[in-house]
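**Q** what follows is a predicted structure for the sequence shown.
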Amino acid sequence: MKYALIVGAAGLAALSLAACNKPASTTASDATQSAASAVDKAQDTTGAAVGQASAALAPHDTGAFVSNLTQAGMYEIEAGKIAQAKSKNPEVKAFAKMMVSDHTAMDKAMAPLIKAAGQTPADKLDQRRQGFIDNLNSATPADFDKVYIDQQVAGHQEALDLVDGYARDGSDAGLKGGAADAGPKVQAHLDKAKAIQAKLSSSTK
């Protein structure tokens, strides 16, 4: 489906621009990239909505909470490493470095609580979060910072809903305490991501 959308959009763009006497190879390439970016953005938007719905339900199930929390940590660390390597924006790179450091520390803090609760952390990303990583890796240099920060705003809102919900409604006392401790840090990350998002938006106007 994604391939069909990309090729279809590329063909239309190539035909249109060829009439303006522009090289077909260049226009096809540009159109393909533009279509791919649009599809990736739609996937990220849908994934964020699904994540927020999942976070709203997870506080009522300890296993779901642990799975979502540990996958969120894995995603943040992997995405942060990618952003440190690909971003050219010093503020985005610094934020990404903080994500790797803070989420590594948060994962370590939660590990004994997860074990004590008799739960097993996730060992890999689900399809939705892997899709975020794939879209981040395929983002063009011009779009990368916006893609990363938009994902970060959505991801940290989801994580905040998750930890606040379990701190309020969770059934395991140890994990409830850990979730409550994580809340302020996740909120700080969300606030910072939103501030960077606003700067990126204003710079493109």
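**A** Alright, I've got the coordinates.

**Q** check contacts around Gly174.
**A** Gly174 sits next to 113, 116-117 when contact means Cβ atoms under 8 Å, 6 or more residues apart in numbering. Every residue, glycine included, has its C-beta placed from N, CA and C.

**Q** what would these look like in a markdown table with secondary structure, neighbour count and pLDDT?
**A** Shown next, in a markdown table, are the contacts of Gly174 (DSSP: H, G, I helix; E, B strand; the rest coil; neighbours: other Cβ atoms under 10 Å; pLDDT from 0 to 100):
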| residue | secondary structure | neighbour count | pLDDT |
| --- | --- | --- | --- |
| Leu113 | helix | 19 | 98 |
| Ala116 | helix | 13 | 98 |
| Ala117 | coil | 21 | 97 |
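
**Q** can you list these in CSV and add distance to Phe144?
**A** Formatted as CSV, these follow (distance: Cβ to Cβ, whole Å):
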residue, distance to Phe144
Leu113, 35
Ala116, 40
Ala117, 38
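
**Q** list the buried residues for the helix or strand where Gln197 lies?
**A** Here Gln197 sits within helix 173-203, counting by DSSP states H and E. Neighbour-count burial for helix 173-203, counted by 16 or more other Cβ atoms under 10 Å, picks out 175-176, 178-179, 182-183, 185-187, 189-190, 192-193, 196-197, 200.

**Q** show the average pLDDT along that helix.
**A** Here helix 173-203 scores 96 as its mean pLDDT.

**Q** stretch 123-138 now?
**A** Here the average pLDDT along stretch 123-138 is 96.

**Q** could you do stretch 76-83 as well?
**A** 98.

**Q** now do that stretch: everything it contacts.
**A** Applying Cβ under 8 Å, 6+ apart, the set of residues contacting stretch 76-83 is 92-93, 95-100, 103-104, 107, 125, 132-133, 136-137, 144, 148, 151-152, 155.

**Q** report the buried members of the residues you listed.
**A** By neighbour count, with 16+ other Cβ under 10 Å, those hold 92-93, 95-96, 99-100, 103, 107, 125, 132-133, 136, 144, 148, 151-152, 155 as buried.

**Q** in strands, which of these fall?
**A** Among those, no member falls in strands (DSSP state E).

**Q** just curious, which of the buried residues of helix 173-203 is nearest to Leu160?
**A** Val186 (4.8 Å; Cβ to Cβ).

**Q** residue contacts, that closest one?
**A** Per Cβ under 8 Å, 6+ apart, neighbours of Val186: 156, 159-160, 163.

**Q** gap between it and Gly174?
**A** 18 Å (Cβ to Cβ, to the nearest Å).

**Q** what does Ala195 give?
**A** In terms of Cβ to Cβ, Ala195 sits 33 Å off from Gly174.

**Q** just name the closest of the contacts of Val186 to Ala72, please.
**A** Nearest to Ala72 among those, with distances taken as Cβ to Cβ, is Ala159, at 5.0 Å.

**Q** burial of the closest one, as a residue count?
**A** 27 (other Cβ atoms under 10 Å).

**Q** okay, and it sits in which element?
**A** helix 144-169.

**Q** which of the residues in that helix are buried?
**A** For helix 144-169, by 16+ other Cβ under 10 Å, it's 144-167.
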